[in-house]
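Visitor: Starting from these lines, generate the structure:
(chains A and B)
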Amino acid sequence: MEIDPFIFRLSIFILSIFIGYYVVWSVTPSLHTPLMSVTNAISSVIIVGAIIAALAGTSESIFNTSSIFGFIAIILAAINIFGGFLVTQRMLQMYKKKKDKKK
Amino acid sequence: MISANLSAIFYLVSGILFILALRGLSSPDTSRQGNYFGIAGMVIAIVVTFLSIGNFSTSLVYVVIFLVIGGAIGAFIAFKIPMTAMPELVAGFHSLVGLAAVFVAIAAFLNPAAFNLGNVGDIKLASLIEMSIGAAVGAITFSGSIIAFLKLRGIMSGAPITFSGQHILNLILGIGIFVLIFYLCKTQSTNIFWTVIIISFLVGVLLIIPIGGADMPVVISMLNSYSGWAAAGIGFTLENTALIITGALVGSSGAILSYIMCKAMNRSFVSVILGGFGAENSTDDKKEKKDQKPVKSGNAEDAAFLMKNASSVIIVPGYGMAVAQAQHALREMVDKLKKNDIKVTYAIHPVAGRMPGHMNVLLAEANVPYDEVFELEDINNDFANSDVAFVIGANDVTNPVAKTDPKSPIFGMPVLDVEKCKSVLFVKRSLSPGYAGIDNELFYKDNTLMLFADAKKMTEDIVKNLD
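Guide: Numbering: from 1, shown residues only, chains lettered A, B, ... in the order given. Modelled structure (predicted):
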């Protein structure tokens, strides 16, 4: 009996939920906003699907109905990737410890 | 072109890098490094995708062009956006993830061969289920986030919009989506696929319109979670490990944040989703009572005098501070107080503001060191030993009624024990009740001094008087 590859993916999925659960609970509450913006950025890894769809066009028709959706999705995901990581970076730069008092 | 096995391993690597990105956020010290892990993971995933397709035709040029266009827009937004607009920005980004998921699902449905999912009209059953779930959740995320964005931006009123039969309608539409997906699997009909997406857009709108402004922290977290599940759904369709791992991470992250926010308001998740909170809670008799009670009000001079003579001050910021953009003035005030050897700390309630951690970011922006900022459970015992509590733009989260009156709608919600301070300064524009629509007992206590003004202006005036 062979195991369906779907089951393997499901296992990865479920284990990842557990990892997410423990990792996110350890995130300090003061960083919850950067957490949201960075999760936003990484979920845009959906861009890999968009790229596959966009590259599926043939050389005669680069833009067919399917690939156009891919191209638009690339723009959307790219906005998110760059916007998400950069705004997270900008926020994290602001978190500073108490400096030695300059008197 | 690299083999499918090799690219799968690279996708796993990028998934692990994403886990490390979240792990870094456990402390501000490691967080910046974490963000670099995230970026590295993303670069690997994108490069591997190009290599595994191995199609370097003219299409590739366009892909890069579109990537650059999107990237430029994203970078521009990231640098221009003011920190006070973070909640809107995050809601806006969620909507993009949702829409991207919908589009990828559509592309896969129209051209399944490109994704090895079978042929048009003969898509593998499992893939079809996965992509329609991904598309449906993505569509809900998209339209829901748009509504959240409009509400946060103030384009749409933050007041809950309810009508009779709303929940029944949502339920019917929800069931309808499942029924349609079932028929989609049987018929592979394009029309049914489109219908599923359109109904899902509608559900997203209907789901968010009844939820009021102060429940936004829950809504944003929830949409965060949805965007993750949508990505995971697409990940199953594409058989892509990076996407599955990320989707699971983001999904559980958003779910945990929603849980934390609900707990901080002592409300069940279901009651937040059903919405309508704060719409009709302010009953008339409460309003009448309010006018009769005496209130002590003061000016900036009084406040400056009180704080100058204190030895410890706790600052309680809330959404009002964000609206008035008072964080910089506040920081100036604190600097002056510190020069007089007064101990100043900040107390932040988990639901202060419009998204999780909203206040922390604003204080960080104003250069407040993060080790002076404390969470509710860490600082609540300190109020009894402090001289002055300076409440700026917060209201319901300080209301002692939550501890004393079982009939109050916010009873049981954890609140900051501001009233235990020797004196309380309350910066507020008027006596109007907060979001929960209930009166704050704190206004009428003997040791409370109300400072009626815009938060920023009042703080600036206090700064002048501290000299």
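
Visitor: in the chain, which spans are strands?
Guide: You didn't pick a chain, so chain A it is. Taking DSSP state E, chain A contains no strands at all.

Visitor: meant chain B, my bad for not saying
Guide: Under DSSP E, chain B gives strands at B:118-119, B:122-123, B:312-317, B:343-348, B:373-375, B:388-392, B:423-428, B:448-452.

Visitor: Figure out which of these is closest to B:Gly165.
Guide: strand B:122-123 (36.0 Å; C-beta to C-beta). Backbone N, C-alpha and C define where each C-beta goes, glycine included.

Visitor: got the contact list for that closest one?
Guide: Outside of strand B:122-123, the residues within contact range by C-beta atoms under 8 Å, 6 or more residues apart in numbering or on different chains are B:109, B:112, B:117, B:131, B:188.

Visitor: Repeat that for stretch B:439-453.
Guide: Stretch B:439-453 is contacted from outside by B:286, B:289-290, B:293-300, B:302-303, B:306, B:391, B:395-396, B:398-401, B:404, B:418-419, B:421-431, B:433-434, B:458, B:461, using C-beta under 8 Å, 6+ apart.

Visitor: Going by neighbour count, which residues in that stretch are buried?
Guide: For stretch B:439-453, a neighbour-count test (16 or more other C-beta atoms under 10 Å in any protein chain shown) marks B:439-445, B:448-451, B:453 as buried.

Visitor: how close does the closest residue to chain A within the stretch 1-150 of chain B sit to B:Trp194?
Guide: Residue of the stretch 1-150 of chain B nearest chain A, by C-beta to the nearest C-beta: B:Gly70 (2.6 Å). B:Gly70 is 25 Å from B:Trp194, where distance means C-beta to C-beta, to the nearest Å.

Visitor: more crowded one of those two?
Guide: Shown here are B:Gly70 and B:Trp194; by other C-beta atoms under 10 Å in any protein chain shown, B:Gly70 has more neighbours (27 against 13).

Visitor: Next, count neighbours for A:Arg90.
Guide: By the criterion of other C-beta under 10 Å, A:Arg90 has 17 neighbours.

Visitor: Please apply the same query to B:Gly118.
Guide: 15.

Visitor: Okay, and the beta partners of it?
Guide: B:Ile123 (DSSP bridges).

Visitor: which ones are touching it?
Guide: Neighbouring residues of B:Gly118 by C-beta under 8 Å, 6+ apart: B:112, B:124, B:127.

Visitor: Surely B:Ile244 is in contact with A:Leu15?
Guide: No - with contact defined as C-beta atoms under 8 Å, B:Ile244 does not reach A:Leu15; the gap is 10.1 Å.

Visitor: so what sits against both of those two?
Guide: Counting by C-beta under 8 Å, 6+ apart, nothing touches both B:Ile244 and A:Leu15.

Visitor: Those two - which one has more neighbours?
Guide: Set B:Ile244 next to A:Leu15 and count neighbours by other C-beta under 10 Å: B:Ile244 wins out with 25 against 12.

Visitor: okay, the residue found closest to A:Gly83 once you drop the neighbours it is linked to in the chain: pLDDT?
Guide: In space, A:Gly83 comes closest to B:Gly74 once its chain neighbours are excluded; the distance is 3.3 Å by C-beta to C-beta, 6 or more residues apart in numbering or on different chains. At B:Gly74, the model reports a pLDDT of 95.

Visitor: do the same with B:His358
Guide: Reported pLDDT for B:His358: 89.

Visitor: Repeat that for B:Ile161.
Guide: Per-residue pLDDT puts B:Ile161 at 80.

Visitor: That one - nearest residue in space that isn't next to it in sequence?
Guide: In space, and not counting its chain neighbours, B:Ile161 is closest to B:Ile209: 4.3 Å by C-beta to C-beta, 6+ apart.

Visitor: For that neighbour, the count of nearby residues, please.
Guide: Per other C-beta under 10 Å, the neighbour tally for B:Ile209 reads 20.

Visitor: Now it. Its backbone dihedrals?
Guide: In terms of degrees, to the nearest 10, the main-chain angles of B:Ile209 are phi -60, psi -30.

Visitor: mind checking how far it is from chain A?
Guide: With distances taken as C-beta to the nearest C-beta, to the nearest Å, B:Ile209 is found 22 Å from chain A.

Visitor: That residue reaches B:Gly158, doesn't it?
Guide: No - here B:Ile209 does not reach B:Gly158: they are 10.9 Å apart, not a contact under C-beta under 8 Å.

Visitor: hmm, back to that, okay if I get the buried residues of stretch B:439-453 as JSON lines plus pLDDT and distance to A:Gly84?
Guide: What follows is those, written out as JSON lines (pLDDT from 0 to 100; distance: C-beta to C-beta, whole Å):
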{"residue": "B:Asp439", "pLDDT": "76", "distance to A:Gly84": "41"}
{"residue": "B:Asn440", "pLDDT": "81", "distance to A:Gly84": "37"}
{"residue": "B:Glu441", "pLDDT": "80", "distance to A:Gly84": "42"}
{"residue": "B:Leu442", "pLDDT": "82", "distance to A:Gly84": "39"}
{"residue": "B:Phe443", "pLDDT": "83", "distance to A:Gly84": "41"}
{"residue": "B:Tyr444", "pLDDT": "83", "distance to A:Gly84": "45"}
{"residue": "B:Lys445", "pLDDT": "82", "distance to A:Gly84": "44"}
{"residue": "B:Thr448", "pLDDT": "85", "distance to A:Gly84": "42"}
{"residue": "B:Leu449", "pLDDT": "85", "distance to A:Gly84": "43"}
{"residue": "B:Met450", "pLDDT": "86", "distance to A:Gly84": "41"}
{"residue": "B:Leu451", "pLDDT": "86", "distance to A:Gly84": "39"}
{"residue": "B:Ala453", "pLDDT": "85", "distance to A:Gly84": "37"}
